[in-house]
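>>> build me a model from this:
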Amino acid sequence: MDRLNSELYLQNCYIMKENEKLRKKAQVLNQENQALLSELKQKLSKGNAKGNSPNTIVDLNLGSGSDQNASSSSH
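Take a look at the predicted model:
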């Protein structure tokens, strides 16, 4: 029984370590996504100011908050 507990403990440690790596990668990707989204919005607004783009801008933020909330809730 102790051997099984030790194996499960090591597996759990490994999973937690991998989970933390993935959480950090997700955070970096989210930051990159937010920067790109901001850049795109700036380009779209500049295009609208010049009159080269249509008057409607699609809300690109839809769904982007769910990943951020999921990662912050586990801290």
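
>>> from A49, how far off is Q42?
Q42 is 11 Å from A49, where distance means C-beta to C-beta, to the nearest Å. For every residue, glycine as well, the C-beta is placed using N, CA and C.

>>> just K41 next, same as before
13 Å.

>>> for the top helix by length along the chain, name the packing helices and strands.
The residue-count maximum for a helix in the chain (DSSP state H) belongs to helix 2-50. Identification of packing neighbours for helix 2-50 by 3 or more C-beta pairs under 8 Å, 6 or more residues apart in numbering; DSSP states H and E yields helix 64-73.

>>> higher neighbour count, K41 and A49?
K41 (13 against 9; other C-beta atoms under 10 Å).

>>> what part of this structure, helix or strand, is modelled with the least confidence?
Using mean pLDDT, DSSP states H and E, the weakest-scoring helix or strand in the chain turns out to be helix 64-73, at a mean of 51.

>>> show me what contacts A49?
Listed by C-beta atoms under 8 Å, 6 or more residues apart in numbering, A49 has no contact partners.

>>> that one and L10: what is the separation?
A49 is 59 Å from L10, by C-beta to C-beta.

>>> again, but for N48
Distance from N48 to L10, by C-beta to C-beta: 57 Å.
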